[in-house]
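# Have a look; sequence and predicted model below, questions after that.
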Amino acid sequence: MSEENEAEKSETNAVKSAEKFDLNMHTARLLMNEPFFAALSRRIDKVSTRSIPTAGVTIDKKTAQFKLYYNPDFMNSLPEREKLGVLKHEFYHIIFEHVTGRRPSGKMTKKDNICMDLAINSHLIGELPDFCCMPGGKNFEWAEHGKTYEWYLANWQDPEEEEGEGESGEGSPSDSFDDHSQWADGADGDNTVNEIAKERLKEALKKAAEEAAQAGSWGSVSSSTRKDIMERMKVRVNWEKALRYFVKTSQRANKKSTVRRINSRFPYIHAGKKITRTANIAIAVDQSGSVSDAMLVKIFAAMDKLSKIATFTIVPFDTEVALDHVKVWKKGQRFKAERVSCGGTDFQAPTDYVNKHNFDGLVIATDMEAPKPGPCKVRRIWLTTKEYADRPYFTTSEIVLVVD
């Protein structure tokens, strides 16, 4: 067979292979070692189309679902490592909210496209086709690694290139390699669709994070990206309102008979009931050496605000409860921050103390720098600062309030 016929046959086989290429059939294998991306992928529809040159993600304006469009010829032409890199690149556009919350308010420009790709491709070095935009690479020597889309936009250093409004997909080293053109067909002009998509993204990230945790691995997702994802998944609450609510819902009713009240069921036959509502709350204050004086001041400032609406018991502790310093902080009183001990930390000590006494709830004010304690007989919540809430020694399903 001649070389010309051999080349023609090879080209024909390649075309047939591309026609049969179905990304859904390859995804599970490509993401075998990427539990987080695999879980996220299952929640994104994948559509084959030759209307775009490479690949791209968007929001379906009818269903508010995320969709990944891909050109089968382009994807079929890539080696396995680059197929995986392209998949992860598109998923990162969704994870970093480029399709939803972080899009520019006006029309997407070529510069926007490139800066978003630079922010993503820092995480995919050596995993993408050579023509992709890469921080520190050709035409982007000025671009530092690991920055955000907004940083690259603010620090743009290519004065010779005009800022056009044409879309990507040309495949040149100075252009975005994937297709962002369909972003304009997604949630633009429909705030409801965009908000639904944001909520779906939060839920998808939560499920993917849970599956990654169960698998014991996030794959190639960097620690900084994991932290960013977990931070966005946190529920933001007003700690003062939450603490008041905790006290209120921990209240129990004390009833006693009194002839001064009319019994609603048996008037003038049986005495009425007088009800007083109280909440016997213990606030265990961590006095260990790892808790700084500045943190103690913040904790006492939080309790000072709580004392305006409730009476509670202060329970200082380190590895044990400082029994001589347990005191009732009555409603309306003022106390200064004080340190009564400076040892290690054992959260079981205040938990056991509360379990043995007649309390309705426990708040542990701490830096959370010790192992998780055993069960508490009453409701237990944690009070700490942002620094320690962001990197706790242990994880818990109990409420953690941040006083910063």
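Arrived safely.
# Just want to check the distance between residue 295 and residue 385.
6 Å (C-beta to C-beta, to the nearest Å). To be clear about C-beta, it is placed using only N, CA and C from the backbone, and glycine gets the same treatment.
# Next, show the common contact partners of those two.
Shared contacts of residue 295 and residue 385, defined by C-beta atoms under 8 Å, 6 or more residues apart in numbering, comprise residue 367.
# low-confidence ranges in the stretch 1-150 of the chain?
1-19, 104-106 (pLDDT under 70).
# Report how many residues lie close to the closest residue to residue 297 other than its chain neighbours.
Sequence neighbours aside, residue 337 is the residue nearest to residue 297 in space, at 4.8 Å (criterion: C-beta to C-beta, 6 or more residues apart in numbering). Burial of residue 337, expressed as a neighbour count using other C-beta atoms under 10 Å, amounts to 16.
# quick one: contacts for residue 337?
293, 296-297, 299-301.
# rerun that using 6 Å as the cut-off
Residue 337 makes contacts with 296-297, 300, as judged by C-beta atoms under 6 Å, 6 or more residues apart in numbering.
# in what helix or strand does it lie?
Using DSSP states H and E, residue 337 is not contained in any helix or strand.
# Looking at the contacts of residue 337, spot the one nearest residue 107.
residue 297 (50.0 Å; C-beta to C-beta).
# per-domain residue ranges of this structure.
Split into domains by automatic domain parsing, the chain comes to 3-229, 239-402.
# So residue 85 sits against residue 128, correct?
Yes - using C-beta atoms under 6 Å, residue 85 is in contact with residue 128, at 4.4 Å.
# Tell me where the stretch 51-200 of the chain has helices.
Here the stretch 51-200 of the chain has its helices, by DSSP state H, counting those that start in this stretch, at 72-77, 80-95, 110-121, 149-154, 191-215.
# Report the angle between the third one and helix 80-95.
Yep, that's helix 110-121 we're talking about. Angle between the axes of helix 110-121 and helix 80-95 is 110 degrees (criterion: axes from the mean of the first three to the mean of the last three C-alpha atoms, to 10 degrees).
# which strands and helices sit next to helix 110-121?
The contact analysis (3 or more C-beta pairs under 6 Å, 6 or more residues apart in numbering; DSSP states H and E) places helix 110-121 against helix 149-154.
# residues making contact with the helix it packs on?
Contacts for helix 149-154 (C-beta under 6 Å, 6+ apart): 115-116, 118-119.
# which of the residues in that helix are buried?
With burial defined by 16 or more other C-beta atoms under 10 Å, the residues of helix 149-154 counted as buried are 149, 152-153.
# Ok, stretch 77-93 next?
82-93.
# Report the distance from that stretch to the chain centre.
In terms of C-alpha atoms, centre = their mean, to the nearest Å, the centre of stretch 77-93 is found 24 Å from the chain centre.
# and what of stretch 303-314?
Worked out by C-alpha atoms, centre = their mean, stretch 303-314 lies 32 Å from the chain centre.
# tell me the mean pLDDT for that stretch?
Mean pLDDT, computed over stretch 303-314, is 87.
# circling back: of the helices of the stretch 51-200 of the chain, which is nearest residue 142?
The nearest among these, by C-beta to C-beta, is helix 149-154 at 9.4 Å.
# ok, the closest residue to residue 239 other than its chain neighbours - how many residues close by?
Excluding the flanking residues, the one nearest residue 239 by C-beta to C-beta, 6+ apart is residue 401, at 4.2 Å. Other residues within reach of residue 401, judged by other C-beta under 10 Å, total 20.
# quick one: residue 401 and residue 241 touch, right?
No - counting by C-beta under 6 Å, residue 401 stays clear of residue 241, with 9.9 Å between them.
# Shouldn't the residue nearest to residue 239 be within a strand?
Yes - under DSSP: H, G, I helix; E, B strand; the rest coil, residue 401 falls within a strand.
# Any figure for the gap between it and residue 240?
For residue 401, the distance to residue 240 - C-beta to C-beta - is 9 Å.
# which neighbours do these two share?
With C-beta under 6 Å, 6+ apart, residue 401 and residue 240 have no common neighbours.
# Next, count neighbours for the residue lying closest to residue 180 once chain neighbours are set aside.
Distances taken as C-beta to C-beta, 6+ apart put residue 113 closest to residue 180, at 5.0 Å, once the chain neighbours are dropped. For residue 113, the count of nearby residues is 25 (other C-beta under 10 Å).
# cool, residue 28 as well?
For residue 28, using other C-beta under 10 Å, the count is 11.
# low pLDDT regions in the stretch 151-300 of the chain?
Those would be 158-177, 179, 181-192, 234-237, 251-279, if you go by pLDDT under 70 across the stretch 151-300 of the chain.
# redo that, cut-off 90
157-207, 210, 213-214, 222-280, 294, 298 (pLDDT under 90).
# That one: strands as residue ranges?
252-262, 271-278, 281-286 (DSSP state E, counting those that start in this stretch).
# ok, now the stretch 1-150 of the chain?
Under DSSP E, counting those that start in this stretch, the stretch 1-150 of the chain gives strands at 45-48, 55-59, 66-70.
# Tabulate those (a markdown table), appending mean neighbour count and distance to residue 354.
Putting the strands of the stretch 1-150 of the chain into a markdown table (neighbours: other C-beta atoms under 10 Å; distance: least, C-beta to C-beta, whole Å) gives the following:
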| stretch | mean neighbour count | distance to residue 354 |
| --- | --- | --- |
| strand 45-48 | 14 | 51 |
| strand 55-59 | 25 | 49 |
| strand 66-70 | 22 | 46 |
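# okay, those strands in a markdown table with distance to residue 217 next?
As requested, the strands of the stretch 1-150 of the chain are exported to a markdown table (distance: least, C-beta to C-beta, whole Å):
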| stretch | distance to residue 217 |
| --- | --- |
| strand 45-48 | 24 |
| strand 55-59 | 24 |
| strand 66-70 | 23 |
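# show me the contacts for residue 341.
287, 318, 322.
# which SSE is it in?
Counting by DSSP H and E, residue 341 is found in no helix or strand.
# pretty sure residue 316 is touching residue 286, no?
No - using C-beta under 6 Å, residue 316 makes no contact with residue 286, being 8.4 Å away.
# Neighbour count: these two, which is higher?
The neighbour count for residue 316 versus residue 286, taken as other C-beta under 10 Å, is higher for residue 286 (26 against 21).
# Could you find the closest non-adjacent residue to that one?
residue 366 (3.6 Å).
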